[in-house]
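Asker: Got a predicted structure plus its sequence, pasted below:
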Amino acid sequence: MKILYRIYQICIALPIFLVITILTALITIVGSLVGGAHTWGYYPGKIWSQLTCYLLLLPVKVTGRKKLLKKTSYVFVPNHQGAFDIFLIYGFLGRNFKWLMKQSLRKIPIVGKACESAGHIFVDRSNPSKTIATFRQAEASLKDGVSLVVFPEGSRSLTGKLGHFKKGAFQVADELQLCVVPVTISGSFEIMPRTSKWVHRNAMTLTIHDPIPPQGKGPDNVQALMKASYEAVESALPEKYK
């Protein structure tokens, strides 16, 4: 079965994936210019992500969506197990959002331009003034229920285990006084870990935890949000990844 699945990846899934990726990027760029980034920056990517998971025959389970209020903006903080975390969040979170992403991703041909057109927020940590500009861009974007998604570990895990959280996402939540929503991704590491070039069939689960409201404002609130989010994300992981 493994050999047949790899043949399917090369001969069928990969060509289709490349075509729909280019089409999605072009639709996002043009649509965002003409019709607005909130709509065209989200829905084409959502459909692309769902099609990718269906194309590669990957089962997906989502729990906890009912914990979220409609037309409410949140800062979502999922763990980062593997490459398919992107498809799982974009396709199945069920909320219009912007990514907080590294500046280096802007350089990816076509895709980087699509992300920029969609209004996703690129982080520039080169000096404090640019960090403040990131907060202001986030504040302008997170309206009418549009949320923010940040991987607080910063990069994919090498082992599948939950890594240390960085402060960036929680500083944004503190600055804008938004609830943080911890999200646990499970199963993505088995599909395509950081060191793999092949996709392996496995089910993925997205667990949405209770929103955590701010408790005041400042460094103490940032630390409290970070600690509570880490504990929530960890609670839904298999024992071997805690």
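Answerer: Thanks, I have it. Only a predicted model underlies this, so the values are computations on that prediction, with no experimental measurement involved.

Asker: make it CA atoms for all contacts and neighbour counts henceforth
Answerer: OK.

Asker: Check which helices and strands the lengthiest strand in the chain sits against.
Answerer: In the chain, taking DSSP state E as the definition, the longest strand is strand 179-186. When contacts are defined as 3 or more C-alpha pairs under 8 Å, 6 or more residues apart in numbering; DSSP states H and E, strand 179-186 packs onto strand 74-78, helix 168-176, strand 204-208, helix 219-235.

Asker: does residue 62 count as helix, strand or coil?
Answerer: strand (DSSP: H, G, I helix; E, B strand; the rest coil).

Asker: what pairs with the nearest residue to it once chain neighbours are set aside across the strands?
Answerer: The spatial neighbour of residue 62 that comes closest, neighbours along the chain excluded (C-alpha to C-alpha, 6 or more residues apart in numbering), is residue 206 at 4.7 Å. As for beta bridges, residue 206 partners with residue 62, residue 185 under DSSP bridges.

Asker: isn't residue 206 right up against residue 187?
Answerer: No: counting by C-alpha atoms under 8 Å, residue 206 does not reach residue 187; the two are 9.1 Å apart.

Asker: Look at those two and report which has more neighbours.
Answerer: Neighbour totals were compared for residue 206 and residue 187, and residue 206 leads with 24 against 21 (other C-alpha atoms under 10 Å).

Asker: quick one: pLDDT of that one?
Answerer: For residue 206, the model assigns a pLDDT of 97.

Asker: With residue 224 as the reference, measure out to it.
Answerer: 23 Å (C-alpha to C-alpha, to the nearest Å).
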